[in-house]
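Peer 1: Next come a sequence and a model predicted from it.
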Amino acid sequence: MSDSAAVSKPNDYKTDLKPVWCPGCGDFGVLNSLYRAFADLELEPHNSVVVSGIGCSSRLPGYVESYGFNSLHGRALPIATGVKLAAPDLTVVAVGGDGDGIAIGGNHFLHAARRNVDLAYIMMDNEIYGLTKGQAAPTTPTGDKTKSTIYGNPEPAVDPCELAIAFGATWVGRAFSGDVKGTTELMTAAIKHHGFAFLNIISPCVTWRGDDQHKEIRAKLRALPADHDRSSRAAALAYTREADAVTCGVLYSVERPTLVDEIFDIRWKVQNGAPPPTTREILQSFL
Amino acid sequence: MSDSAAVSKPNDYKTDLKPVWCPGCGDFGVLNSLYRAFADLELEPHNSVVVSGIGCSSRLPGYVESYGFNSLHGRALPIATGVKLAAPDLTVVAVGGDGDGIAIGGNHFLHAARRNVDLAYIMMDNEIYGLTKGQAAPTTPTGDKTKSTIYGNPEPAVDPCELAIAFGATWVGRAFSGDVKGTTELMTAAIKHHGFAFLNIISPCVTWRGDDQHKEIRAKLRALPADHDRSSRAAALAYTREADAVTCGVLYSVERPTLVDEIFDIRWKVQNGAPPPTTREILQSFL
Amino acid sequence: MPTQDLTIAIVGSGGDGVITAGELVAQAAARRGLHVMKTEAYGPQIRGGESSCTVRLGVEPLLAPSDTVDVLVVFGWADYQRFRSEIVPARDAIVIYESASPAAPAAEADQLFLPLPLEQLARNAAGSTASKNVVTLGILCEMFGLPTESIEAALRHKFGRKKAAVLENVVKAFEAGCRTGRELMATDERIAAKRLAFSDAEPLLMMSGNEAAAVAAVHAGCRFFAGYPITPSSEVLHFLGEWMPKVGGVVLQTEDELAAIGAVVGASFAGVKALTSTSGPGLSLMSEMITLSAMAEVPTVIINVQRGGPSTGIPTKSEQSDLMHALYGGHGDTPRVVIAPVDVADCFHATVDAFNIAEQLQMPVIVLSDQAIGQRKETLPIGAFEHKVIDRRTPTADELADYARYRDTKSGISPMATPGIPGGTYQTNGLEHDESGRPNSMHVVHEKMNAKRYRKLAELDSFADAVRRHGPKNAKIGIICWGSSQGSVVDALGRLAAKGIAASAFVPRLLSPFPAAAAREFIASVEQILVVEISFSGQFHAYLRSCIDLPAGRTHLLSRSGAKNLTAIEVEQEVTRILSPSRDSKEVYA
Amino acid sequence: MPTQDLTIAIVGSGGDGVITAGELVAQAAARRGLHVMKTEAYGPQIRGGESSCTVRLGVEPLLAPSDTVDVLVVFGWADYQRFRSEIVPARDAIVIYESASPAAPAAEADQLFLPLPLEQLARNAAGSTASKNVVTLGILCEMFGLPTESIEAALRHKFGRKKAAVLENVVKAFEAGCRTGRELMATDERIAAKRLAFSDAEPLLMMSGNEAAAVAAVHAGCRFFAGYPITPSSEVLHFLGEWMPKVGGVVLQTEDELAAIGAVVGASFAGVKALTSTSGPGLSLMSEMITLSAMAEVPTVIINVQRGGPSTGIPTKSEQSDLMHALYGGHGDTPRVVIAPVDVADCFHATVDAFNIAEQLQMPVIVLSDQAIGQRKETLPIGAFEHKVIDRRTPTADELADYARYRDTKSGISPMATPGIPGGTYQTNGLEHDESGRPNSMHVVHEKMNAKRYRKLAELDSFADAVRRHGPKNAKIGIICWGSSQGSVVDALGRLAAKGIAASAFVPRLLSPFPAAAAREFIASVEQILVVEISFSGQFHAYLRSCIDLPAGRTHLLSRSGAKNLTAIEVEQEVTRILSPSRDSKEVYA
Ligand SMILES: Cc1ncc(C[n+]2csc(CCOP(=O)(O)OP(=O)(O)O)c2C)c(N)n1
Ligand SMILES: Cc1ncc(C[n+]2csc(CCOP(=O)(O)OP(=O)(O)O)c2C)c(N)n1
Ligand code: SF4
Ligand code: SF4
Ligand SMILES: [Mg+2]
Ligand SMILES: [Mg+2]
C-alpha cells in the first residue's frame, strides 16, 4: 500500500487476524463495507487510524490493515479526537457498538459531534450488548426481553441519528450492514465529509437478538425520498424514532468549520508569522 | 412545616446558611423562585429532596429547608435517580450548572431523560464555569473569551433544551432567573409534571460573564406564541439554537409512563399477588 | 478400588455441546448429594469457539478445582490446544477422544487413551452428530459410575419441551453411549479404579459465587441494585433482575459505572440498602463516588469480581490484582472496608457481612471476589445460608430534637436520618463539613472529621469472622493468602500433612481494616512464612508489609499473574522448595 | 537591627484590595532581586468574601512560607477570624489594623498593635475608601523599608490604563500612606527591627508551581494538552491555553477528565507528547484510562495538584492524601511512575523528568504536586530552568522490517511506531496481547507481558535525581518526607542545628519505583527516624513500610490532615519531643 500509485483493493486492508464474531453477525457486513470504502478512497494504511471502544463490534480495528486502537469501553471518541488533533493529516475513523457509544460513551459522542471533530464515527447498532452476552442497550426497544430485562425492558430506546443531530454532528446517515453496497457508499461519504460524520449502521446480533433480525430489518428498509433536504434539522427529524421503517441514506449534511479549522485559525492569528517562542522567551513573561 | 395543614410561605424553606454567591448572581433569582414554587406546591421539607452536583449553582441545596445533597461534579442525576427509585413518594428536584449537567454530566442527563425518571431537573445556565473562575462551558458561544479560551472559544455551543428533547425528556421549558414570577411558574409546572421535566434557567454570572448579561438577556426575552404546540418535537425545535432571542415558556410537554410506573407495572405482574419469597424459597431455585 | 473424588473435563468447540454435557453431569450429581465443583472456559470467539467444562465430583466437600483431571474427553484436539496449560490430564488419566480428530498426542506415563468414533456413534443412534455429547454422557455414566438414571432424568427434563422425535433421539443416543461404556469397562482394568463410589445423600444446592452474593443481597435486605454489565460479574445483575421484582426491590441497569454507584449512593441516602456489582474497569470508574460515599457517610456495598488486568485485560479469567485499588483507590483519605470471600459459600456470607458493616459504619464496603469463585459452581447444603442481618438504626426522638447529621460521637458513628423522617432534614455534601453537614474548610474541622470517619473502623476490632485459620498451630511453615487462593492452599496443607510436613494457613477475610494482631500472632507461631497470591506485582505482599513486620530471611513469596487457577501442586512444590536445604525460592528480603 | 527576612500578611474582604496590595509588594520586590514567596487564601464566597495575602521577603532564597508573620495588616477583624489558625502573628509582630473595625484582640507578648484610621486616610487623600489598600502600601513601604519607588512604579503601571483622575488619586493615596508610615517610624523603636535591609540584585522571575509545570511541558516538547478545569490545577490549562497556540501546539478543554486523559492517550499514540493536569477528583476519574496507558504502553504525563480530600473535600487547600491513589489507583497490575516535586522550581524539573521518563518507558507518569507549591508564587533566577529533554525513539528500519510493537526485549522497552510511519502499522488494545498486539488470554503470555511491562521500571535504578538529601550524615534524627513538606522540614533542620541537634532529611522525588536502597542506607545512618506527611491516615508511612523495613522502636510519625501548611515549628517541636527523655510522640510500633 505504501506505493500510493497502485490501485487499492478491499483485500489489501485485511489483516491475518480472524474475526471472533459469530457466524451470521452483522458486523461482517460492516467490515466488508469498510474494506471497500477504504479501497475506494485509496487510503494509505499507515496514514489511517481506526479507533474503537470495547464490544464485539469494537474488535474491528484488529481486522483492518492500518494503525488501530481497540481501547476502553466507551472511550473511542476521546482517543480518536486526540489522534486527529495531534495529527490532522491522518484519516481517523472511530467505530464501536451502540452500548459503547450511547450508554457508557454517550457524553463523548455529544462533545465530539458538538466540536465537529473531523472524523467518521461508525456505530454498529445491534440494539443489544453483544460481548457481555445480551443485556439491554439504550437502543433496545421497550418491552424486549434480554438477559438483564427478563420481564421486558422497562426503558425506552433512543434514536442514535436524532441524538447525533442534536449533538451538532454535521453529517448523519443510516445504513444496514446487510446491504454492503449501500453501506460502502455511505461509509465512503462519511469518511470524505469535512467534519464530524455519524453513520448508524443497523448490524444485527444473531446470537442475542435472534436469527430473524436480518429478515425483519430488511422488510422495514426504506430509502430517503430524492427531494429530502439534507440541510434541515426538521426534515431529518421526520426520519427518526421510526416505528415501522428503517430509512437509510444521508439524513443530514451541513458544512461548518471543524475543530481543527478553528484551532489552526487561532494559531495563525496568534503566531502572526512569528517563530515559536523559546523557553527563555516564555520565561521572560514572568519578569 | 410538619404540620401540613398550615399554608407554606417561601421563607419556610430558607435555611440559616448564607449563600456564597456573588452579589448580583443570577442564582439568587433561581433560589427565590424555588422558595416560592415549594411554597405554592406546599411541599413538606422532610418529603422533599434537592440534589445537586458541584458548582456555584450546585450550592443551592444548602439553602433549602429539605433533605439536600450537594454531591459530585456531574453526578446529580444518577443520585437523584437512586433517590426517586428507592423512595418514589418523595418529591425530587435535581439542580446544577450548565457545566455540571452538559459537560461532565451530559451522559446522565441523556439517560435520566430517556428513562423518564419522575423528577424536575433545573439547570442554572450561565454559559460559563463559575466556581472554577470562568472557563468556557459547552454553552459558551463560539468566539467568546474566557479564562480557558483567551483567544476566543473555538467550540460551538449546544442548546440544552434541544438536547433535552432529543434525550427523551417529556417536559422541557426555558426561563430567565431575572423574572422570578415567570421562573416560579415554570418551576412549579416542572415539579408537578409526571415524568422527567427539564427547566433551563438562564441565570447570569456577573463575575465571569460581565455585569451586562442581565440587561442583554432581558432585551432578547420573548414569550412563546399562544398557539405553540407543546406536543410537537418539530414545533419545539423552532425555539432552539436561537441567535437573537431567548424564548421562555414550556417548549415541549408530553405524557408517557415514568420509569417508576414501568417498574411498578413489572413488579405487579411478576408478584401477581404472591407474598415476597423468603431466602429459603429463593434458594430452592438452585436445587 | 473405586474412587471418591473424580474430575472429568470435556473439551470441544461451539456446536459440540460441551457445556450442556458438563451441566447435566453436575446437576444430576448434586441431586444425589454428591459434592460438585464446576468450571467453564472459553476461547475469544463470542459463539462457536473453543469451550471446556470441568466437573469435579466428590463424596467429601471439595475445596478447589483439582490440579489435574482424571477423565478427559476431547471432541477436537485443535480446540484442546487453547486449554492445554489449564486442563492437564493426570499421570494416570483416561482420555476419551473423537477418533476422527487429527493430531492426537501420545499417551504419557500410565494414561489410557481411548479413541472412539463419537460422531459416528451419534449418527448411528440418533441420525445426527449433534448428539455426540449425549452419547459421551452415556459412556461416562457407565464407565465411571455416574448416576445414570439421574442424568437420564435430567436429559428428559431438558429436552422434554422439544418435539417428541428430538427427545426420542436424545434417549437413543444416551442409551447407545451407555452400551459403549459398558463394553469399554472390560477392555482395561485401569477403568475400574476411576469409578466413583458413593451413596445417596440429601440433594445439594448448586450455584456460583456471583449467584450466592446476589442471594445474600436479598437476604440482607437490599432492595436496590444498580449496575452496568461486565464480565465476570454480570450474573449478579441477571439474578437480581429476576428476583428483585418478586421481593419488591428495584434493579436499574445504568448507562455506566459512574451512574451505577451514583444511584446506589442516592438510594442509600434515601434509606434503602443498596448494592452495585462490577469488575476491575468498573471499580476504577467508581473511584470518585466511593470517596463521596466515605465523605458523606452514605452506606454502600460494592461487589468487585476480579479478572485479569490491567485495562480490559483478560475479562474471562481470574486474578487477584484489584487488591490495591480496592484498598486505596480514590483520592484523599478515604476510609472503607474491604472483605474478601474465600469460596462460593463465603460469597454469600461476605456479602451479608458487607451490608451489616456498611449500615453500621455508614461507609463504602467492597466485597472483593474474583472470577474463580464468582463464576464456578459449587454444591452447598441449604443450611449453609444462615446469617444474621443488621439494619440501619434510625435516629431517636432525642437525637432528632437537636439533630446534627455528623455528630462527633465517641464511636464516630452518627445518627443517620433519611428523607421522609420529619425533623431530620439536613443538607449533606462531599465538601468537608461540620457536624451539621455545612461546608467547612478549616483545618481543625477537617482533622476532627477525618478522625471521626476513621474512628468508626475500630468497631471492627471485634469482628468475629476476620480470619480463617487452617492446619496445626506452630507449623513448620505458615501460608498467608487471601480470597479464592484459600481452596488450593488448604488442599496443599492436606498433601503436605500426608508427607509429614506441618503447614498451616492464615486467610484474612477482612482485608481492611487489617487484623494485624492476629497476623502477628500467626507469624510468631510458625517457622517459615509463605505469602501466596495471584498478582504479578505482589500486591498482597506489599500490603501485608505495610500492616505488619514480615520477618526478613524467613518470608517467602509465591506471586504470579492470573489467567490460570492456583493449584495445590504449585503451593506444595513451593513449600517443599522452601523447606529443602538448598532452597532457591523467591526469598523476599535477602 | 534591621532584618533580612520579613513576612507581611494582609487580611480583609472582597473590596478591600488585599490581593492587589500583596501582588504589588511581591512584584516590586522580585524586580529588585529580593526573594519572594507569596500565598493567598480565601473564604467560601466566590467573590467579595474574606481574603488574605501573605508575602515573605528574603535576602536569601526562601524554603517555605514562614510559620508566623512579622507584620499583620487587618482591614476587618471579622474577616481575620477565618484565617486565625493559619495566619499567626509572631510573638513580636507589628499589627496594623483599621481602627474602625470592632472586636480587636489585645496585643500579646511583645506585639505592637497599631490601630489606624485607614479608610479615613484614604478618604481624605483620594476621596474614597477604595484606595485604603494603597494607603496601606505606602505605610508598609516606609515603615519596613520596602522598595518604595518600585512599588510606586508598579502602581503607576497597574493604574496607568485607567482615567488620569484615577491614577492621580492612587498616587495621592500612596503618598499619604508614605507620610503616615514615616510618622509612625518614630513612635516605637520596635519598628526599626522589622525594617528590611537589602541591596539590589538581578531581577527574579516570579511564578507559581503550576505555571512552572506548564512552562516545563512546553520546554519538554509537549504539544498537546487536554484537561478539565479544577482547583487548584486550572492554571496549567490557562497558561497553556495562552502559549500552546504560539508554539504550534493544541489545547483541548474536554467535557470531563475521562475524555481529557483519553485525548492524551490518543495524541500520544499519534506521536505527540501529551499532558493532562488535574486534582484528586479528576485523578480518580482517570483511573481506568491510566491502566490503558500502562497496558497499551502509550506514554502519558498527568500532573495532579493535590487538595484536601476525600471527595470534593477542600478544593482550595493543600494536602498530601492522593499519594496512595497515585501509586496504586486503577485495577490490575498497572506499572506507573510517580514523581513528586518539592518546590516551585521543582515543578518545572519534575515535569520535564516526567516527559523524559514517559517517552522512554512508554507508560503513565504522574507528577504529584500539591496546592501549596502549585499555587504559591516564588522567585527564581532564569538560570534555574535548564533541563535536558529526551525525545521518543522511532523504530529503526531493521525493527520495522519484522515489526512487533510489543517485542519482548531485554529492557522491556519495545520500538514504538506511530501513525504516518509506513511499515509500522499495528493494532493495539487494552486486552492482554502478544508481541504483535493481538489479543491473547493465555497465562503464559500474560505472565510474560506483565514481566515486560514491569521490567521497564528497572531503567530508573540509575535515575539521577531520585532523592534530595539535606543535613549532616549520621544525624541524631533523620526525617523522611516528600513533596512540598520539604520546605518546612529543611527550615526545621536549620533551627535544630542552631540548637545543636544534628538532624537530616531524606526526600524522595521519585516515589515509584521507590529508591529503596538509598532509603535503607539513610535509615541505617541515623539514630531516630521521623516520617512527616500531611495525610490523616499516614499514607506515606504505610507506603514506606511496604517498601523498606522501618525499625520498630525508633520510627516516629508526624501525620495530620491538611488545610493548613506544614510549619517548621511543628517539625521542630516533634523532633524535640522525640529526643527528650520522656517522649510521648506517636511511636509507630510500640
Ligand atoms: C468500564 C467497562 N464497563 C463494562 C465493560 C463490559 N462491556 C464490554 S463490551 C460491553 C457492551 C457491549 O455492547 P456494545 O457496545 O453495543 O457492543 P456489541 O458487543 O453489541 O458490538 C460491556 C458492557 C467494560 N469492558 N468496561
Ligand atoms: C471531577 C471534578 N472535576 C472538576 C471539578 C471542578 N469544578 C467544580 S465546579 C466546575 C464547573 C462549574 O460550572 P457549572 O457546573 O456550570 O456551575 P456554575 O459554577 O457555573 O454554577 C468544575 C469544573 C470538580 N469539582 N470535580
Ligand atoms: S454476540 Fe452478536 S454482536 Fe457479538 S459477534 Fe455474535 S452476533 Fe455479533
Ligand atoms: S462566579 Fe458567577 S455563577 Fe458563581 S456566584 Fe459569582 S456570579 Fe454567580
Ligand atoms: Mg451493541
Ligand atoms: Mg455554569
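Peer 2: Yep, that arrived. Just so we're clear, the structure is a prediction, and the values are computed from it rather than from any experiment. Ligands and ions are numbered 1, 2, ... in the order given.

Peer 1: got the residue ranges for the helices in the stretch 201-350 of chain C?
Peer 2: Using DSSP state H, counting those that start in this stretch, the helices found in the stretch 201-350 of chain C span residues C:209-219, C:234-247, C:257-269, C:280-285, C:287-295, C:323-328, C:344-361.

Peer 1: correct me, but C:Val571 touches C:Val489?
Peer 2: Yes - C:Val571 is in contact with C:Val489 according to C-beta atoms under 8 Å; the separation is 5.5 Å. For every residue, glycine as well, the C-beta is placed using N, CA and C.

Peer 1: Would you pull up the residue in chain C closest to ligand 5?
Peer 2: Nearest to ligand 5 in chain C, going by C-beta to the ion, is C:Pro229, at a distance of 11.1 Å.

Peer 1: Could you check how far that residue is from C:Leu237?
Peer 2: Going from C:Pro229 to C:Leu237 by C-beta to C-beta, to the nearest Å gives 6 Å.

Peer 1: and the residue of the stretch 201-350 of chain C found nearest ligand 4, how many neighbours does it have?
Peer 2: Closest to ligand 4 within the stretch 201-350 of chain C is C:Leu292: 22.0 Å, counting by C-beta to the nearest ligand atom. When neighbours are counted by other C-beta atoms under 10 Å in any protein chain shown, C:Leu292 registers 30.

Peer 1: Am I right that it is in contact with C:Gly430?
Peer 2: Yes - when contacts are counted by C-beta under 8 Å, C:Leu292 is listed as touching C:Gly430 (4.5 Å).

Peer 1: Can you check which residues contact both of these two?
Peer 2: Common contact partners of C:Leu292 and C:Gly430 (C-beta atoms under 8 Å, 6 or more residues apart in numbering or on different chains): B:Ser71, B:Leu72, D:Pro310, D:Ser311, D:Thr312.

Peer 1: Of the residues you listed, which pair is most distant in space?
Peer 2: Pairwise distances across those peak at 13.2 Å for B:Ser71 and D:Pro310 (criterion: C-beta to C-beta).

Peer 1: okay, those two: which has more neighbours?
Peer 2: B:Ser71 (34 against 31).

Peer 1: Tell me the pLDDT of the more buried one.
Peer 2: pLDDT recorded at B:Ser71 is 98.

Peer 1: what's the answer for A:Pro156, then?
Peer 2: For A:Pro156, pLDDT reads 97.

Peer 1: cool, and the one 3 residues further on?
Peer 2: According to the prediction, A:Asp159 has pLDDT 98.

Peer 1: can you check C:Gln539 too?
Peer 2: Per-residue pLDDT puts C:Gln539 at 98.

Peer 1: With D:Met289 as the reference, measure out to the closest residue to chain D within the stretch 1-150 of chain A.
Peer 2: Using C-beta to the nearest C-beta, A:Gly82 is the residue of the stretch 1-150 of chain A that sits closest to chain D, at 2.4 Å. Remark: distance between A:Gly82 and D:Met289 (C-beta to C-beta) = 11 Å.

Peer 1: quick one: common contacting residues for those two?
Peer 2: Residues within reach of A:Gly82 and of D:Met289 at once, by C-beta under 8 Å, 6+ apart, are D:Gly262, D:Val265.

Peer 1: Would you confirm that C:Lys452 belongs to a helix?
Peer 2: Yes - per DSSP: H, G, I helix; E, B strand; the rest coil, C:Lys452 lies within a helix segment.

Peer 1: residue contacts, it?
Peer 2: C:Tyr406, C:Asp408, C:Thr409, C:Gly412, C:Ser414.

Peer 1: Repeat that for A:Val270.
Peer 2: B:Tyr151, D:Pro245, D:Lys246.

Peer 1: excluding its backbone neighbours, what's nearest the first one?
Peer 2: Nearest non-adjacent residue to B:Tyr151, counting by C-beta to C-beta, 6 or more residues apart in numbering or on different chains: A:Ile266, 4.8 Å away.

Peer 1: you'd agree that neighbour is in a helix?
Peer 2: Yes - assigned with three-state DSSP, A:Ile266 falls within a helix.

Peer 1: quick one: it and C:Val467, what's the gap?
Peer 2: 62 Å.

Peer 1: okay, these two: which has more neighbours?
Peer 2: Between A:Ile266 and C:Val467, counted using other C-beta under 10 Å, A:Ile266 has the larger neighbour count: 19 against 16.

Peer 1: Kindly tell me how buried A:Asn11 is, as a neighbour count.
Peer 2: Here the number of neighbours of A:Asn11 (other C-beta under 10 Å) works out to 9.

Peer 1: Look at it and tell me its secondary structure.
Peer 2: A:Asn11 ends up helix, using three-state DSSP.

Peer 1: Contact partners for it?
Peer 2: Taking C-beta under 8 Å, 6+ apart as the test, what A:Asn11 contacts is A:Tyr35.

Peer 1: Quick check: C:Glu98 touching C:Tyr80?
Peer 2: No - with contact taken as C-beta under 8 Å, C:Glu98 and C:Tyr80 are classed as non-touching, separated by 10.7 Å.

Peer 1: Need the residues touching each of the two.
Peer 2: C:Val74.

Peer 1: returning to that earlier point: could you check how far the residue of chain C closest to ligand 5 is from ligand 6?
Peer 2: For C:Pro229, the distance to ligand 6 (C-beta to the ion, to the nearest Å) stands at 34 Å.

Peer 1: name the element the residue of the stretch 1-150 of chain C found nearest ligand 3 belongs to?
Peer 2: Closest approach between the stretch 1-150 of chain C and ligand 3, counting by C-beta to the nearest ligand atom: C:Ile46, at 4.1 Å. For C:Ile46, there is no host helix or strand (DSSP states H and E).
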